[in-house]
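Undergrad: Structure for the following, please:
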Amino acid sequence: MRVTINQIKEMKQKGEKITMLTAYDYATAKIVDEVGIPLILVGDSLGMVVLGYETPIPVTMDVMLHHTKAVVRGTKQALIVGDMPFMTYHISVEDALRNATRFIQEAGAQAIKLEGGVTVADKVKRMVECGIPVMGHIGLTPQSINQLGGYKIQGRTSEAAASLLRDAQALEEAGAFAVVLETVPTPLATLISQKIGIPTIGIGAGIGCDGQVQVIHDILGLSDRVPKHAKQYVKLADITRKAVTEYYNEVKASSFPTDKQSFTMDESVLTALKDK
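TA: Here you go, the predicted model:
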């Protein structure tokens, strides 16, 4: 059985920290799932770390569904959250519901995530009413990066802080089962976590959140840069580069493949061919 949204909400009530990671393909998702991570986000961050875009804005529904299907196939226990891409839920409630349904029905995700608070509460409410679990996302919202003017810390002024609290409360009231707080000052994120009854999942929001989420490429050292909010647990880019270099050198030197990586056949077959 997969982890349920009720189990995630119960973790907050028990004071148990919630761990969440991104995954974008079958092999990575399988490893993350085997470790026991309860929440896997198929984030539109794949636009940057997998597809090489500067922002997540070019990512489409078809791309997200493609990657979500792969992650679902690689997992058995984790609750899979599909990230709704730019302008797939903004135009109308009907449009939002139609696209959210595709994540659940076509891709096999168990929940969706969308950015915004008060402005998307009506859409969240309708999705939840239709049986689609929703995770919110407030603070730094990458899909609005052009409006925000860059990757800046959110909620530092009294007005901005009050607005973020209202957003979190609106999402809870609309029925969201959790909310991501991104790039928010630790004291504010802690206060929001205390004031709402649903779990907060922080990324650059400090230790006071109910859980944490990170982009897996950041913690594995596969990204070109490491954000301030991320910890690099290993440098897989260096390890991969070393392995690829060794392979390149061995092929050039004719030392790969060896007999160990090769196959034999009945010599009589070759003899018969030579005689033709």
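Undergrad: for the record, mean pLDDT for stretch 60-71?
TA: Mean pLDDT, computed over stretch 60-71, is 98.
Undergrad: Apologies, that question was intended for stretch 207-221.
TA: On average, stretch 207-221 scores 98.
Undergrad: Please identify the buried residues of that stretch?
TA: Of the residues in stretch 207-221, 208-221 count as buried by neighbour count, 16 or more other C-beta atoms under 10 Å. Yep, even glycine has a C-beta here, placed from its N, CA and C like the rest.
Undergrad: give the contact list for residue 30.
TA: If a contact means C-beta atoms under 8 Å, 6 or more residues apart in numbering, then residue 30 has 74-75 as its contacts.
Undergrad: pLDDT score assigned to it?
TA: Per-residue confidence (pLDDT) for residue 30: 98.
Undergrad: Doesn't it belong to a helix?
TA: Yes - applying DSSP: H, G, I helix; E, B strand; the rest coil, one finds residue 30 inside a helix.
Undergrad: And residue 190, how far from residue 95?
TA: Distance of residue 190 to residue 95, computed by C-beta to C-beta, to the nearest Å: 35 Å.
Undergrad: after the helix or strand of the chain with the lowest mean pLDDT, next one along is what?
TA: Least confident helix or strand of the chain, by mean pLDDT, DSSP states H and E, is helix 145-148 with a mean of 73. Scanning forward in sequence from helix 145-148 by DSSP states H and E, the next helix or strand is helix 158-174.
Undergrad: what helices or strands is that next one leaning on?
TA: In terms of contacts (3 or more C-beta pairs under 8 Å, 6 or more residues apart in numbering; DSSP states H and E), helix 158-174 is packed against helix 121-129, strand 134-139, strand 178-182, helix 186-195.
Undergrad: go again using 6 Å as the cut-off
TA: When contacts are defined as 3 or more C-beta pairs under 6 Å, 6 or more residues apart in numbering; DSSP states H and E, helix 158-174 sits against helix 121-129, strand 134-139, helix 186-195.
Undergrad: Identify all contacting residues around that helix.
TA: With contact meaning C-beta atoms under 6 Å, 6 or more residues apart in numbering, helix 158-174 is reached by 117-118, 121, 124-125, 136, 138, 155, 179, 188, 192, 196, 198.
Undergrad: So residue 72 sits against residue 108, correct?
TA: Yes - using C-beta atoms under 6 Å, residue 72 is in contact with residue 108, at 4.0 Å.
Undergrad: quick one: which of those two has more around it?
TA: residue 72 (21 against 16; other C-beta atoms under 10 Å).
Undergrad: And the least confident helix or strand of the chain, how far out from the chain middle?
TA: The chain centre lies 21 Å from the centre of helix 145-148; the measure is C-alpha atoms, centre = their mean, to the nearest Å.
Undergrad: can I see the domain layout of the protein?
TA: Residue ranges for each domain of the chain read 5-234, 239-275, as given by automatic domain parsing.
Undergrad: Single out the most deeply packed of the ones you listed.
TA: Of these, the one with the most neighbours on average (mean count of other C-beta atoms under 10 Å) is domain 5-234, at a mean of 19.
Undergrad: what's the span of it, first residue to last?
TA: End-to-end distance for domain 5-234: 31 Å, by C-alpha to C-alpha, to the nearest Å.
Undergrad: same thing with stretch 96-113?
TA: Distance between the boundary residues of stretch 96-113 (C-alpha to C-alpha) amounts to 11 Å.
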